[in-house]
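Undergrad: Return a 3D structure for these sequence lines:
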Amino acid sequence: MNIIKHPAKISKLYIIKLSLPIFFSNLAIPMVGIVDTGLMGHLSDQKFLAAVSISTAVITMIYWSFGFLRMGTVGLVAQALGRGDYREIVLTTMRNMIIAVLIGFTIIASQNYIISQIENFFATSENLQILIDKYISVRVFSAPAELTIYVLTGLFLGLQRTGVSSFLVIFFCTTNIIFSAFFVLNLHLDIYGVALGTVISAYLTIIIFTTYTFFYIKKRFNIIPRFTKLLVRKKIFRLLNINFDILIRTVLLTFAFLWVTYQGSKLGEEFVAINAILIQLIALASFFLDAYAFSTEGIVGFAIGKKSKKSFLQAVSNAYKLSFVTGILISIFYLFFYKIIINSLTDLDYLRFLSYSYVLWVVIIPPVASFCYQLDGIFIGASQTADMRNCMIISVVLFILFSLYLIENLHNHGIWLALLFFMIIRSLTLNFFYPKILNKL
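TA: Numbering: from 1, shown residues only. Next comes the predicted model:
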């Protein structure tokens, strides 16, 4: 049996080498939305663009809510790797793949409910709703494949094979762009073509990478995946508990950013617009900072499984430093180039100038947020998900209370100051529970 080799010292260079592929895969993800927007934006009617924007926002939120399929897989796989329990790596992956497929079929069965809720919430016109129905009725069929992609990504992150996990994501995004462009530009399938392109690319990705995973496991661990000992009650309950904790945490995190949009809408349409622009810059920064967190997940899980406190502390210390320095570099970049970035996102001069007055928050937040991003990675790697859930509950409640008070006194600046506090509270609450992870070593 081939034993996985790891460096005796978890250096900054080692973390950077693991993180670099994730940087590129994280950048590939928003490209799909940009291309889809461009394809629909050049059709004859603006309703095509509106329909895709609404539909993809809803579908992305639904799928992203099941991000526990990636995060729950990473920690358990990495810990099993550290213990040398290679059979458990395979069984954990298979269990989460089954859960992913079951959730996927549930989403397919719920498509009429999803469509009706979109119609009620967005108060769409009849013509716009027809296009939304057309997109959703096709796109939901990608659910089993897309959610399984989460599991496979988590597996290879847990194995610290970030090159494979990143190539998987890049392959899915690239084929998605190619198929969607072909169906829209060559076959003139408009919104149907964009949805169909995603479905085909998702299943093509799963076929190729599931096959690769089978042979990788067989060669690396000398194990042929079987269903023996798959349905062990204790293991399944632990997996479900971890997944449920992360689900609650993810839904609350999503709600926090929706709260920014909601509060902006109460101040006026122009504040919804500028907050949406600035949130995109925060999201872009997170793509870079999350790369370190993703790398940390696998290293931390491995260190805990191996009971190596030295490796754990090296990984945590170096990941903190790298993430914070990267956050500062992002802030410096935004400070010097914010006008160019904002101008590329809107042609409306009054929105541009209004956005400039709030850019200070975009400059401050990345280095501050770097700590809570890294702590998320540490807790996921340690499978300390109940504490993650509780910390997020506390953070979101305090964020809402702070925002309500600050908006009254500082208007839209109050929303952004509250968001900054939200990042700080997340860090402080997670740091409070951090010693519990040290007790595992």
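Undergrad: and residue 210, what does it touch?
TA: Residue 210 is in contact with 148, 152, counting by CB atoms under 8 Å, 6 or more residues apart in numbering. The way it works is simple: take the backbone N, C-alpha and C, and place the C-beta from them, glycine included.
Undergrad: separation between it and residue 166?
TA: 17 Å (CB to CB, to the nearest Å).
Undergrad: now swap in residue 369 and tell me
TA: Noted for residue 369: a distance of 22 Å to residue 166, by CB to CB.
Undergrad: and if you look at residue 415?
TA: Residue 415 is 34 Å from residue 166, where distance means CB to CB.
Undergrad: now residue 64
TA: 18 Å.
Undergrad: neighbour-wise, which of the two wins?
TA: Between residue 64 and residue 166, residue 166 has the larger neighbour count (other CB atoms under 10 Å), namely 25 against 13.
Undergrad: Touching, that one and residue 22? I think so.
TA: Yes. Applying CB atoms under 8 Å, one finds residue 166 in contact with residue 22, separated by 5.5 Å.
Undergrad: so how many other residues sit close to residue 76?
TA: 27.
Undergrad: Ignore what I typed, I meant residue 102.
TA: Counted by other CB under 10 Å, the residues lying close to residue 102 total 12.
Undergrad: repeat for residue 162
TA: 23.
Undergrad: and it, what pLDDT?
TA: Looking at residue 162, its pLDDT is 90.
Undergrad: quick one, what contacts it?
TA: Residue 162 neighbours (CB under 8 Å, 6+ apart): 18, 19, 21, 22, 156, 294, 295, 298.
Undergrad: just residue 263 next, same as before
TA: 403, 407, 415 are the contacts of residue 263 under CB under 8 Å, 6+ apart.
Undergrad: Mind putting the residues you listed into JSON lines with neighbour count?
TA: Converted to JSON lines, these look like this (neighbours: other CB atoms under 10 Å):
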{"residue": "403", "neighbour count": "23"}
{"residue": "407", "neighbour count": "19"}
{"residue": "415", "neighbour count": "26"}
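Undergrad: quick one, phi/psi of residue 10?
TA: phi -90, psi 90 (degrees, to the nearest 10).
Undergrad: list the contacts for it?
TA: By CB under 8 Å, 6+ apart, the residues touching residue 10 are 299, 303, 311, 314, 315, 318.
Undergrad: What is the most widely separated pair among these?
TA: 303 and 318 (12.4 Å; CB to CB).
Undergrad: neighbour count winner among these two?
TA: residue 303 (27 against 21).
Undergrad: I'd assumed residue 438 was in contact with that one.
TA: No. Counting by CB under 8 Å, residue 303 does not reach residue 438; the two are 11.1 Å apart.
Undergrad: Tell me where this protein is predicted with low confidence.
TA: 1-6, 8, 29-38, 40-47, 49-50, 122-124, 269, 345-346 (pLDDT under 70).
Undergrad: Would you map out the domains in it?
TA: As assigned by automatic domain parsing, the chain contains the domains 10-231, 245-441.
Undergrad: So what's the gap between the last one and the chain middle?
TA: So the one you mean is domain 245-441. From the chain centre to the centre of domain 245-441 is a distance of 12 Å (CA atoms, centre = their mean, to the nearest Å).
Undergrad: Start and end of that domain, how far apart?
TA: End-to-end distance for domain 245-441, by CA to CA, to the nearest Å: 22 Å.
Undergrad: try the first one
TA: The first residue of domain 10-231 is 36 Å away from its last residue (CA to CA).
Undergrad: coming back round to it: could you name every residue contacting both of residue 303 and residue 438?
TA: Contacts common to residue 303 and residue 438, judged by CB under 8 Å, 6+ apart, are 309, 312.
Undergrad: now the helices for the stretch 251-400 of the chain?
TA: 269-306, 309-345, 349-356, 359-381, 385-410 (DSSP state H, counting those that start in this stretch).
Undergrad: Next, format those helices as a markdown table and append distance to residue 200.
TA: A markdown table is the format used below for the helices of the stretch 251-400 of the chain (distance: least, CB to CB, whole Å):
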| stretch | distance to residue 200 |
| --- | --- |
| helix 269-306 | 25 |
| helix 309-345 | 30 |
| helix 349-356 | 37 |
| helix 359-381 | 31 |
| helix 385-410 | 34 |
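Undergrad: Among the ones you listed, which comes closest to residue 177?
TA: Using CB to CB, the helices of the stretch 251-400 of the chain put helix 269-306 closest to residue 177, at 17.4 Å.
Undergrad: mind listing what's buried in that closest one?
TA: Neighbour counts over helix 269-306 (16 or more other CB atoms under 10 Å) mark 271-279, 281-282, 284-306 as buried.
Undergrad: tilt between it and helix 359-381?
TA: Put simply, helix 269-306 runs at 30 degrees to helix 359-381, going by axes from the mean of the first three to the mean of the last three CA atoms, to 10 degrees.
Undergrad: what angle do helix 269-306 and helix 309-345 make?
TA: 160 degrees.
Undergrad: For residue 62, which residues are in contact?
TA: By CB under 8 Å, 6+ apart, the neighbours of residue 62 are 107, 114.
Undergrad: Now name the helix or strand holding it.
TA: Using DSSP states H and E, residue 62 maps to helix 46-65.
Undergrad: CA atoms only for that helix, dumped as PDB, please.
TA: The C-alpha trace of helix 46-65 is given here as PDB (Å, rounded to 0.1, in the frame of the first residue of the first chain):
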ATOM      1  CA  GLN A  46     -33.500  42.400 -21.700                       C
ATOM      2  CA  LYS A  47     -35.900  39.800 -20.200                       C
ATOM      3  CA  PHE A  48     -33.400  37.000 -21.100                       C
ATOM      4  CA  LEU A  49     -30.800  38.700 -18.900                       C
ATOM      5  CA  ALA A  50     -33.200  39.400 -16.100                       C
ATOM      6  CA  ALA A  51     -34.500  35.800 -16.200                       C
ATOM      7  CA  VAL A  52     -31.000  34.300 -16.000                       C
ATOM      8  CA  SER A  53     -29.900  36.700 -13.300                       C
ATOM      9  CA  ILE A  54     -32.900  35.800 -11.100                       C
ATOM     10  CA  SER A  55     -32.800  32.100 -11.800                       C
ATOM     11  CA  THR A  56     -29.000  31.600 -11.300                       C
ATOM     12  CA  ALA A  57     -29.200  33.600  -8.100                       C
ATOM     13  CA  VAL A  58     -31.900  31.300  -6.700                       C
ATOM     14  CA  ILE A  59     -30.300  28.100  -7.900                       C
ATOM     15  CA  THR A  60     -26.800  29.200  -6.700                       C
ATOM     16  CA  MET A  61     -28.300  30.000  -3.200                       C
ATOM     17  CA  ILE A  62     -30.000  26.600  -3.000                       C
ATOM     18  CA  TYR A  63     -26.900  24.600  -4.100                       C
ATOM     19  CA  TRP A  64     -24.500  26.700  -2.000                       C
ATOM     20  CA  SER A  65     -26.700  25.900   1.000                       C
END
